[in-house]
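Novice: Here is the input, now give the coordinates:
(4 chains, ligands or ions: 2)
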Amino acid sequence: MTSLMTEPAAGRFGDFGGRFVPESLVPACAAVAAAFGEAWADKDFRDELDSLLAVYAGRPTPLTPAGNLSARLGISLWLKREDLAHTGSHKINNVLGQGLLARRMGRTRLIAETGAGQHGVATATAAALLGLSATIYMGSRDIERQRLNVHRMEMLGATVVPVTSGSRTLKDATNEAMRAWVADTDQAHFLLGSVGGPHPYPWMVREFQRVIGTEARRQAGFTPDVVVACVGGGSNAAGTFAGFVDTTARLIGVEAAGGAAMSNGAPGVVHGTRSMVLQDSEGQIAEAESIAAGLDYPGIGPEHAHLGAIGRAEYRTVTDDEVIEAVGRLARSEGIICALETAHAVAWVLKAAGTADLPANSTVVLTLSGRGDKDMHTLIGDKA
Amino acid sequence: MTSLMTEPAAGRFGDFGGRFVPESLVPACAAVAAAFGEAWADKDFRDELDSLLAVYAGRPTPLTPAGNLSARLGISLWLKREDLAHTGSHKINNVLGQGLLARRMGRTRLIAETGAGQHGVATATAAALLGLSATIYMGSRDIERQRLNVHRMEMLGATVVPVTSGSRTLKDATNEAMRAWVADTDQAHFLLGSVGGPHPYPWMVREFQRVIGTEARRQAGFTPDVVVACVGGGSNAAGTFAGFVDTTARLIGVEAAGGAAMSNGAPGVVHGTRSMVLQDSEGQIAEAESIAAGLDYPGIGPEHAHLGAIGRAEYRTVTDDEVIEAVGRLARSEGIICALETAHAVAWVLKAAGTADLPANSTVVLTLSGRGDKDMHTLIGDKA
Amino acid sequence: MTTTLLRRDRKALVPYLTGGITADWTDYLHALEAAGADAIEIGLPFSDPMLDGATIQQASDRALARGATVASILADLARVTVGVPLVVMTYANLVFRAGPAAFCARLAEAGVSGLIVSDLPVDELAEVERAAADAGLALILLVAPVTSDERLAEIVRRASGYLYAISVMGTTGERDTLADSAAPLAARIKAVSDLPVLLGFGISGPAQAAAAGAVADGAVVGAAVMRRILDGATPDELAVDIARLRAALD
Amino acid sequence: MTTTLLRRDRKALVPYLTGGITADWTDYLHALEAAGADAIEIGLPFSDPMLDGATIQQASDRALARGATVASILADLARVTVGVPLVVMTYANLVFRAGPAAFCARLAEAGVSGLIVSDLPVDELAEVERAAADAGLALILLVAPVTSDERLAEIVRRASGYLYAISVMGTTGERDTLADSAAPLAARIKAVSDLPVLLGFGISGPAQAAAAGAVADGAVVGAAVMRRILDGATPDELAVDIARLRAALD
Ligand SMILES: Cc1ncc(COP(=O)(O)O)c(C=O)c1O
Ligand SMILES: Cc1ncc(COP(=O)(O)O)c(C=O)c1O
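Specialist: Ligands and ions are numbered 1, 2, ... in the order given. From the prediction side, this is the model:
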């Protein structure tokens, strides 16, 4: 079992991964890979990051037993509380890592794409903390859905650039961020928010998110039957799975039915990596359609494609309706309002509990990737 | 120095405190006092609360060095991060305590007032977690200002009752919550959100918030020159001060200029306690006027009145404009968007740093009582 | 003290009137007296009337909005002569703001005979108790259905004028029937006190007044009176209602 | 491979045309040829053209919205005869989705002579390289100002047809002047390769074309062409612009 444990040779995870970028970006990607490799082996860098994660971001986040829901579902459910991390999701783990790396590389500016806005807020936060400037690309459709986060980014001093091309969501914001990077590789670090993109991003972001799984495993103190996380690009899932890949735990990633690259996609190349992608028969990328802006993405990180191909992880889908129901159910039974993205993992547990997919008495660790404040707006609109 | 350390005899803090409630409520208050006294001396209760605070609410919250701001201000500033606690403010500490107490007393329903909505959200959260129902009274003016929190409370299964009397803010919501309690003392626990109200609330809430100060002192490892917190009712300040009252640290509470009970009030009786109150010459309670819904209150907890009277704590005011400026400055320099309430403490530090009130090189611990997501809406409106 | 403000030869009817509710609000006093009131409670409006329901809150707000003040209401009272005892009902902050001694003295000067402070339980009473005694004011205390025997004994020991039995756990306001808690409460109080025991809170019509009269020494009628006044009833119109309550009690 | 697609007796002008941009888009091919193009790059539109600026994005979107597909564009090409080499420029996903071998074979069948894949650096090239060779397609590779000498050597070793020098760090799109990075880049490449070196990215008018011609073997003009077409230029109107560029290069 080398996946999720090591640096991928030449950026490959089995048939997936790689670095499919224009020649103009190859040196920049290579520089990031080299710098990350060095930094990750440097105790001082690790110590500085660990210290920021602890005193600034609030790690370790707790592992909360979901007592009421467990009793009702006949399972034993534990929640890894990334919603309590600073800025409200797991995205902070990655941005602090990449932010420190960017500073170490002498970069003065961060460029990022964002869907739900959580990664954008996290990036703007890291920029403020580390004295860098930040430009955040965000689809105009997502800007409408996630206004609160736009305001937060601006308050933090970042520039938010609306992207009006294509589906006006995360996919298009990612294109635009990469275009912006090509034009400024000297000054700017492209701070990708998930485990997609060209090598070294899938590896690097997984490593920065590994802390989720490492903590959860230590906190649980037992090997759960099932480890489950929602999957957009797949960073919270990758970080969680990394902590459990060498155990007997089943690893389950839950996608949005309308953005299910693993379940409904085919191998393809988008945003610099080869992975599973929603696309048509000629290779045009499909537009995802999910109530959760952070999962509204037609691709997935290449390591997930590999884990799925070799059968080490399994991928499931849930619908928008199941997700809305799940947010309410978790809120009313545990007093935790999770993000719509996270609610995909919750919805799968609600649906699967007691079936062959998640038998009674199973022990389950679920990564609660973020809080739902940003989504109240969407949920209320939806109710009305 | 017995204030902030012990149970107040007969609910008195010097000339302040007491239990000024209609006879109908006296037995209910007495029952709460007795139950709290017992519970607080019961190791099992303390252990259960401590465990919830840790695995559910995310305590201890970090003490974050505000490096950038410190450098610019020429002081050494530390932030006690209650914004990272579950639900986004220190209010969770108190509601978990009182929620457990209500359950121990056999109550099935929680009644609470809320201003900014943070206490309402926290109460709704505790109710969901502990299997109780919750009715939250909120001024209709605050409902407009803090819509996000209204949606959160409803999502958590609580009933939010708009209060349209008087100034339609926290003061009036408190009246209405107390009225609701009179009618249901058997089933309902009145879960007051700050250190005001009749005995035992000022004492009990201070004890439940003491964890802030205890943690901060341990985390700091040194005695700061100044400990500062914003003051609405005064619970985050009381909890913070409690950890430092027996040190040489100066204790500074910062009020909204438009709701400055300590600076502009006179002794009076409101909401069951005798304290400093904004009022006219005949004793009609004045309407506070602050951009921060959680500080828009004409009174203050009686222990603060006492601490001010004996000179152990000092109270300052800042204006709405200073507060708005402070939110932005903290966000851009440290990557932390704080609540408008919290920003009062920040604004005082910004203003006082380098003056005789806060000389250069001072070490300062500031309680960051909550996060600003709920206020983005107000701040943006304000900008436009 | 067992001095009573009320005659003992009939069931007492004590209407409540928010001071300063209209420009010539004292006209209501005469009408109430004429219609058979045995005493009149005059509410000094407070901005935050915690024990009051919607009707009396509204009346207080209206009086304050009109510019009524403690001073103006007492001045109005000083100008009229009413043949039944006047009792001021208010909240602690108005009393403490003026200072209990000064406050009570001003009441007495204005011809007031008694004082009720809604949010001043016996535990917090001492200073006001002394002041009321010094000013010669009866100090009417409230008893609630949840009041323990021990507290009741203490209340009875310190009250004067009459005892005000809160018939139901809740705020002031009209209710459809006399609460189940009313009769046992009245009985408990009467068993330990010689003072007249009046039921209040929620008594709005003749049937309830009669029911109160059957188990206690009379009734306080507040929200029902203020609802009529808020709806525009003239003193004469109000007198008709009061007369009906009088008849129900007799 | 040093086979070139271009004549060596004059500076090369290679316009870029988004396939399927209009119903009779192939008319533009004839006009471009007639106006002096030495080869024509045909963009197979991709939904996510990461290396393209706003103009070519817009052209791609319009072609796709019209219903243009790889199949329809190649079918259109197969129906026309153009006297200069045609080079397909596209993104990796379209190549891999069909499979590199099948994709290259279909290009060759349609009369295409060369292939550029914008997001396929040498490191990821092997499979497409074999397929292009098997199908007899020249494989044009991109060189950027940031390309190291080591990478340049590798690119030069594996490229055929011509070398495409990205004159500026950025996406496609019109720019006011030839970037400072263009001349040194062209010189670096020419020093190590015998293939024609064309400058592209941002060349929009005769002055820039002339400047490119002065330091390299010719110019690729993309966004400037597509801007005119998006603005409604007919083939004849476009030919006027191309002729001007031709003149500037000669
Ligand atoms: C709370 C939350 N969870 C999950 C995701 C999806 O990202 P990933 O799959 O990389 O964890 C997002 C993305 O915005 C998010 O905000
Ligand atoms: C974030 C925050 N800080 C402070 C306060 C003021 O309350 P207190 O003075 O009791 O701490 C509130 C009240 O809503 C709040 O939400």
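Novice: which intervals of the chain have sub-threshold pLDDT?
Specialist: No chain was given, so I picked chain A. A:1-2, A:382-384 (pLDDT under 70).
Novice: wait, chain C
Specialist: C:1-3.
Novice: same thing but at 50, please
Specialist: Scanning chain C with the threshold set as pLDDT under 50 gives C:1-2.
Novice: in it, which spans are helices?
Specialist: Counting by DSSP state H, chain C has helices at residues C:26-34, C:54-66, C:70-79, C:92-98, C:100-109, C:126-135, C:149-158, C:182-192, C:206-215, C:223-230, C:235-249.
Novice: wait, which of these is closest to chain D?
Specialist: When these are compared by CB to the nearest CB, helix C:54-66 sits nearest chain D, at 61.4 Å. (Glycine included, C-beta is placed from N, CA and C.)
Novice: the inter-axis angle of that closest one versus helix C:70-79?
Specialist: Between helix C:54-66 and helix C:70-79, the angle comes out at 90 degrees (axes from the mean of the first three to the mean of the last three CA atoms, to 10 degrees).
Novice: which residues does the residue nearest the centre of chain C bridge with?
Specialist: With distances taken as CA atoms, centre = their mean, residue C:41 lies nearest the centre of chain C, 3.9 Å away. Counting by DSSP bridges, residue C:41 is bridged to residue C:16, residue C:87.
Novice: Kindly provide the distance from it to chain A.
Specialist: Separation of residue C:41 from chain A (CB to the nearest CB, to the nearest Å) stands at 46 Å.
Novice: how close does that residue sit to residue B:252?
Specialist: 46 Å (CB to CB, to the nearest Å).
Novice: now residue C:208
Specialist: With CB to CB as the criterion, residue C:208 and residue B:252 are 55 Å apart.
Novice: Out of the helices of chain C, flag the one nearest residue B:114.
Specialist: Distance to residue B:114, taken as CB to CB, is lowest for helix C:54-66 among the helices of chain C, at 19.9 Å.
Novice: Which residues are in contact with residue A:103?
Specialist: Contacts for residue A:103 (CB atoms under 8 Å, 6 or more residues apart in numbering or on different chains) come out as A:130, A:131, A:132.
Novice: Centre of the chain to the host helix or strand of it, how far?
Specialist: Assigning secondary structure by DSSP states H and E places residue A:103 in helix A:91-104. Between the centre of helix A:91-104 and the centre of its chain there are 14 Å (CA atoms, centre = their mean, to the nearest Å).
Novice: now stretch A:325-342
Specialist: Computed by CA atoms, centre = their mean, the chain-centroid distance of stretch A:325-342 equals 19 Å.
Novice: Going along the chain, name the strands of the stretch 1-150 of chain A.
Specialist: For the stretch 1-150 of chain A, strands defined by DSSP state E, counting those that start in this stretch occupy the ranges A:12-13, A:16-17, A:63-65, A:76-81, A:109-114, A:133-139.
Novice: closest to chain C out of the ones you listed?
Specialist: The nearest among those, by CB to the nearest CB, is strand A:63-65 at 38.1 Å.
Novice: what about residue 7, neighbour count?
Specialist: Defaulting to chain A. By the measure other CB atoms under 10 Å in any protein chain shown, the count of residues near residue A:7 is 16.
Novice: looking at chain C here, not the other one
Specialist: Applying other CB under 10 Å, we find 12 residues neighbouring residue C:7.
Novice: Just list the residues touching the nearest residue to residue A:114 once chain neighbours are set aside, thanks.
Specialist: Sequence neighbours aside, residue A:120 is the residue nearest to residue A:114 in space, at 3.2 Å (criterion: CB to CB, 6 or more residues apart in numbering or on different chains). Applying CB under 8 Å, 6+ apart to residue A:120 gives the contacts A:112, A:113, A:114, A:136, A:138, A:149, A:150, A:153, A:158, A:160.
Novice: could these go into CSV alongside neighbour count and distance to ligand 2?
Specialist: Below are the contacts of residue A:120 laid out as CSV (neighbours: other CB atoms under 10 Å in any protein chain shown; distance: CB to the nearest ligand atom, whole Å):
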residue, neighbour count, distance to ligand 2
A:112, 31, 28
A:113, 31, 31
A:114, 32, 26
A:136, 29, 26
A:138, 31, 28
A:149, 32, 20
A:150, 24, 22
A:153, 26, 21
A:158, 26, 24
A:160, 20, 26
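Novice: got JSON lines for these, with distance to residue B:217 too?
Specialist: Shown next, in JSON lines, are the contacts of residue A:120 (distance: CB to CB, whole Å):
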{"residue": "A:112", "distance to residue B:217": "38"}
{"residue": "A:113", "distance to residue B:217": "42"}
{"residue": "A:114", "distance to residue B:217": "38"}
{"residue": "A:136", "distance to residue B:217": "38"}
{"residue": "A:138", "distance to residue B:217": "42"}
{"residue": "A:149", "distance to residue B:217": "35"}
{"residue": "A:150", "distance to residue B:217": "38"}
{"residue": "A:153", "distance to residue B:217": "35"}
{"residue": "A:158", "distance to residue B:217": "35"}
{"residue": "A:160", "distance to residue B:217": "40"}
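Novice: Cool, thanks, talk later.
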